[in-house]
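Participant: predicted model and sequence follow; I will ask about them next.
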Amino acid sequence: MLVTLHYTDLAVAALLLLVNGGLSMALDLGLARPLLVAALRMVVQLSLVGLVLTRLFALESPWLTLGAALIMLLFAGQETMARQERRLTGWWSYGIGTGAMGAAAGIVLLLGLSTAVRPDPWWDARYAIPMLGMVLGNAMSGVGLALHTLTATAARERAAIEAQLALGCTRWTALRPTLRHALRTALMPTINSMAAMGVVALPGMMTGQILSGVDPGEAVKYQILIMFLISGATGLGVLAASLATVRRLSDRRHRLRLDRLVRRR
Amino acid sequence: MLSVRNLSTPVLKPASFQLKAGECVAVQGRSGSGKSVLLRALADLDPSSGEVCLNGDRRDDMPAPLWRRRVTYVAAESGWWEDRVGAHFAQPDRAAALAGALGLPGDVMGWPVARLSTGERQRLALVRALVQRPEVLLLDEPTGPLDAEATERVEALLRAELVRGAGVLIVTHAPEQAVRLAHRHLHVADGVVTEG
């Protein structure tokens, strides 16, 4: 079974950071401080998550599990918003990103838990929370990329979009090239990662299961399931968030409303 | 034909005027005075208040795309969304004929957009609007980047549009052009539109 890690083992591995830090100082990269901060953040955040998950698994409460899921979703929403250079004003940006990801991850996760994995009880945090983490993490990247591309392209292609509107095209026709570009950009990483999986990259979850003694054949099946759930949730979330944003970027009189975007300071 | 009552936006002060069929009105004023704002508001490309009617039909009672087919705005900066020139035209044959009348080469519809000069783009953007036979043309400096010969061709085509019965509202910085084409003038200064 799994070899237990001691804190002294971690300290040895942490020495590698000193090599990185020394390199940064020798070459004057100015990365020593950010490296230290990032490493400390990682250690603190992961330790906290470890404590929280231990408690969560022990308490076996559906409400606490749901609460943890919601907190993860709110953080993911914040992250998608931070990735957009131009975003919708007011609560629209946060609301659309978070709503789309929540709905997509929720539907996909319920599907996965009720058909394929079927833990008992079905909301068992030991399954639900890590699966949500993986699905949400990927949906977050996709939605962030889609909305960033959509708003940046709409602002850049304003003349082309308004030329079509001026000729009597509807907002959906005029914004279709922009929408297509955003959807393609957001979905390509998921497709690429599926294509390279196993050949180039051994996914973290599968590696983790194998390290903890699970039969590789079993671990592979879990990984394939997760990849399907991830691509499903990313596709749904990206589509919903993009359509909602196109709607908000235009109005009922088929005008392009770039005045509803703010640039990040 | 086109009647405008108290049209206003955050920039534009309430403006009222008429445009008759076959009439050309020149819109003049300094850069930044609100000439483009006026044209965009008429085309309903920016939110505005007030009443605009075309032959008695209220703009707000009509779907915006239909309104813009009848009252078409051609921006000073033309926009392109496909790679090929021809893909921007619903009727490439008719468009090619009009483009020829404006002095553009016969095979221009097969060109990539990237090959077009600013002046060629500007003329093709006008053709794109004319192909749809709008009732009112809102033209924002249509001959700004053109040489004298091309300008003359554009003006000839616009005269033919006026004969057809179209109304034309044209923003121009060239006083001679206003004299050659326009029956009346509108002056815009700090968002205030005055006839004269």
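Facilitator: Happy to help now that I have it. All figures in this text were calculated on a predicted structure; none of them were measured in a lab. Numbers count the residues shown, from 1 in each chain, chains lettered A, B, ... in the order given.
Participant: show me what the longest helix that chain B contains is packed against.
Facilitator: Across chain B, the helix with the greatest residue count (assigned by DSSP state H) is helix B:148-164. Taking 3 or more C-beta pairs under 8 Å, 6 or more residues apart in numbering or on different chains; DSSP states H and E as the contact definition, the neighbouring helices and strands of helix B:148-164 are helix B:92-101, helix B:118-130, strand B:136-140, strand B:167-171, helix B:175-181. Yep, even glycine has a C-beta here, placed from its N, CA and C like the rest.
Participant: mean neighbour count, distance to A:L187 and mean pLDDT added to the ones you listed, as a markdown table?
Facilitator: Conversion of the helices and strands packed on helix B:148-164 to a markdown table gives the following (neighbours: other C-beta atoms under 10 Å in any protein chain shown; distance: least, C-beta to C-beta, whole Å; pLDDT from 0 to 100):
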| stretch | mean neighbour count | distance to A:L187 | mean pLDDT |
| --- | --- | --- | --- |
| helix B:92-101 | 17 | 33 | 90 |
| helix B:118-130 | 22 | 32 | 94 |
| strand B:136-140 | 23 | 38 | 95 |
| strand B:167-171 | 24 | 43 | 95 |
| helix B:175-181 | 15 | 50 | 88 |
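Participant: can you list the residues of chain A near chain B?
Facilitator: By C-beta under 8 Å from any C-beta of the partner chain, the part of chain A that sits against chain B consists of A:157-170, A:177, A:251-256.
Participant: if we can go back for a sec, okay, the angle between the longest helix of chain B and strand B:167-171?
Facilitator: Here helix B:148-164 runs at an angle of 150 degrees relative to strand B:167-171 (axes from the mean of the first three to the mean of the last three C-alpha atoms, to 10 degrees).
Participant: mean confidence for helix B:148-164?
Facilitator: Helix B:148-164 carries an average pLDDT of 93.
Participant: next: stretch B:59-78.
Facilitator: Taken as a whole, stretch B:59-78 carries a mean pLDDT of 95.
Participant: quick one: buried residues of the longest helix of chain B?
Facilitator: For helix B:148-164, a neighbour-count test (16 or more other C-beta atoms under 10 Å in any protein chain shown) marks B:A150, B:T151, B:R153, B:V154, B:E155, B:L157, B:L158, B:E161, B:L162 as buried.
Participant: could you give the mean pLDDT of stretch A:25-36?
Facilitator: Over the span of stretch A:25-36, the pLDDT mean works out to 88.
Participant: so how far is that stretch from its chain's centroid?
Facilitator: Here stretch A:25-36 is found 28 Å from its chain centre; the criterion is C-alpha atoms, centre = their mean, to the nearest Å.
Participant: show me the shaky parts of chain A.
Facilitator: When the per-residue scores of chain A are filtered using pLDDT under 70, the ranges that remain are A:1, A:265.
Participant: what's the domain layout of it?
Facilitator: Residue ranges of the domains in chain A are recorded as A:1-59, A:62-263, according to automatic domain parsing.
Participant: what parts of chain B come near chain A?
Facilitator: Counting by C-beta under 8 Å from any C-beta, chain B sits next to chain A at B:43-47, B:63-66, B:68-69, B:72-75, B:77-81, B:125, B:128-129, B:132.
Participant: just checking, A:Q45 is part of a strand?
Facilitator: No. Assigned with DSSP: H, G, I helix; E, B strand; the rest coil, A:Q45 falls outside any strand and is helix.
Participant: quick check: bridge partners of the residue nearest the centre of chain B?
Facilitator: Averaging the C-alpha coordinates of chain B gives a centre point, and the residue nearest to it by C-alpha atoms, centre = their mean is B:L139 (2.2 Å). Per DSSP bridges, the residues bridged to B:L139 are B:V74, B:I170.
Participant: for it, list the residues it contacts.
Facilitator: For B:L139, the residues meeting the contact criterion (C-beta atoms under 8 Å, 6 or more residues apart in numbering or on different chains) are B:L39, B:V74, B:L126, B:L158, B:V168, B:L169, B:I170, B:V171.
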